[in-house]
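S.K.: here are the coordinates; sequence isn't available:
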């Protein structure tokens, strides 16, 4: 029997590591009176009934339990948040006995994520063909599309991702590069994913691919192996906190979150 989107059981998992070269202990940094990981968690539970933090660090695990959240310990050697989600969801289903159909992978360093973005991601699964979904945002005129830290994406007519790149894609042959973002349309990738359980298990077993290695983007591995990634367009930016300076800049813009 086909499960309708309204009948899907979604679970949010927030992968969180303590170790970070540029910002050690990042999940436990204070934003006002709450830790970053608590901020992310509280935004996620506005859209999802089941939310867990997946971590390999006892300090993060204890902090989550202290504020009343749910957490699960995972192995320390995962290469990506996707891999950590795959281990975590098996433990969660075994411990709770609950059926989960779709896993939403929520970045642990994005305390300003909006629950509406998670809702939009969930809505992708109204199409029964969708097994992986993510968000994209149309860039504004004059926005820097050449920054390699901002991943760009091109899609097909159904909204499925064709390719993700750190370069500006598509290349506009008949315009000067300085005019690309003003006169043409680019889409920036927002690093929020959702996967069906079978596909999540499948993609974690795939070997690293040439395009993944070239761009250092794991989603290209999935495309190279013939999987479809459905995209949905959000109006809101994703603010990732990679350094203490990032946090200061973000708080200047989102002081109402403190």
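M.R.: Now that the structure is in, tell me what you want to look at. The structure presented is a predicted model; accordingly, all values stated were derived computationally and were not measured. Residues are numbered from 1 along each chain as shown.
S.K.: and residue 137, that one's in a strand?
M.R.: Yes. With DSSP: H, G, I helix; E, B strand; the rest coil as the criterion, residue 137 is part of a strand.
S.K.: what residues are up against it?
M.R.: 187, 188, 190, 233, 234, 235, 236, 237, 238 (C-beta atoms under 8 Å, 6 or more residues apart in numbering). To be clear about C-beta, it is placed using only N, CA and C from the backbone, and glycine gets the same treatment.
S.K.: confidence score at it?
M.R.: Per-residue pLDDT puts residue 137 at 97.
S.K.: can you pull up the bridge partners for it?
M.R.: Taking DSSP bridges, one obtains residue 188 as the residues bridged to residue 137.
S.K.: quick one: it from residue 192, how far?
M.R.: Note on residue 137: its distance to residue 192, by C-beta to C-beta, to the nearest Å, is 11 Å.
S.K.: Mutual contacts of the two, please.
M.R.: residue 238.
S.K.: Let me see the domain layout of the protein.
M.R.: Here the domain parsing of the chain from automatic domain parsing is 7-113, 127-189+202-237.
S.K.: so which of the contacts of residue 137 is the most crowded?
M.R.: residue 190 (26 neighbours; other C-beta atoms under 10 Å).
S.K.: That one: what's it in contact with?
M.R.: So residue 190 contacts 117, 134, 135, 136, 137, 234, 237, 238 (C-beta under 8 Å, 6+ apart).
S.K.: The residues you listed: which two are farthest apart?
M.R.: Greatest spatial distance in the contacts of residue 190: 134 and 237, 14.9 Å, computed using C-beta to C-beta.
S.K.: Show me where the stretch 1-150 of the chain has its strands.
M.R.: Per DSSP state E, counting those that start in this stretch, the stretch 1-150 of the chain carries strands over the ranges 10-16, 30-31, 34-35, 50-55, 71-73, 102-105, 132-138.
S.K.: ditto for the stretch 151-258 of the chain
M.R.: Under DSSP E, counting those that start in this stretch, the stretch 151-258 of the chain gives strands at 152-155, 161-165, 187-196, 230-233.
S.K.: and the third one, which residues are buried?
M.R.: So the one you mean is strand 187-196. 187, 188, 189, 190, 191, 192, 193, 194, 195, 196 (16 or more other C-beta atoms under 10 Å).
S.K.: report the angle between the axes of that strand and strand 132-138?
M.R.: Relative orientation of strand 187-196 versus strand 132-138 (axes from the mean of the first three to the mean of the last three C-alpha atoms, to 10 degrees): 160 degrees.
S.K.: Going forward, count from 51.
M.R.: Sounds good: first residue 51 from here, last item strand 237-246.
S.K.: Now do strand 237-246, average pLDDT.
M.R.: 96.
S.K.: same thing with the second one?
M.R.: pLDDT averaged over strand 211-215 equals 98, rounded to a whole number.
S.K.: Over to the last one?
M.R.: Summarised as a single mean, pLDDT over strand 280-283 is 98.
S.K.: same deal with the first one?
M.R.: Averaged over strand 202-205, pLDDT sits at 98.
S.K.: Buried residues of that strand, list them for me.
M.R.: 202, 203, 205.
S.K.: mind listing what residue 67 touches?
M.R.: Listed by C-beta under 8 Å, 6+ apart, the contact partners of residue 67 are 77, 105, 106, 107, 110, 158.
S.K.: circling back to that earlier point, pick out the shakiest of the strands of the stretch 51-200 of the chain, pLDDT-wise.
M.R.: Taking the mean pLDDT of these, strand 80-81 comes last: a mean of 89.
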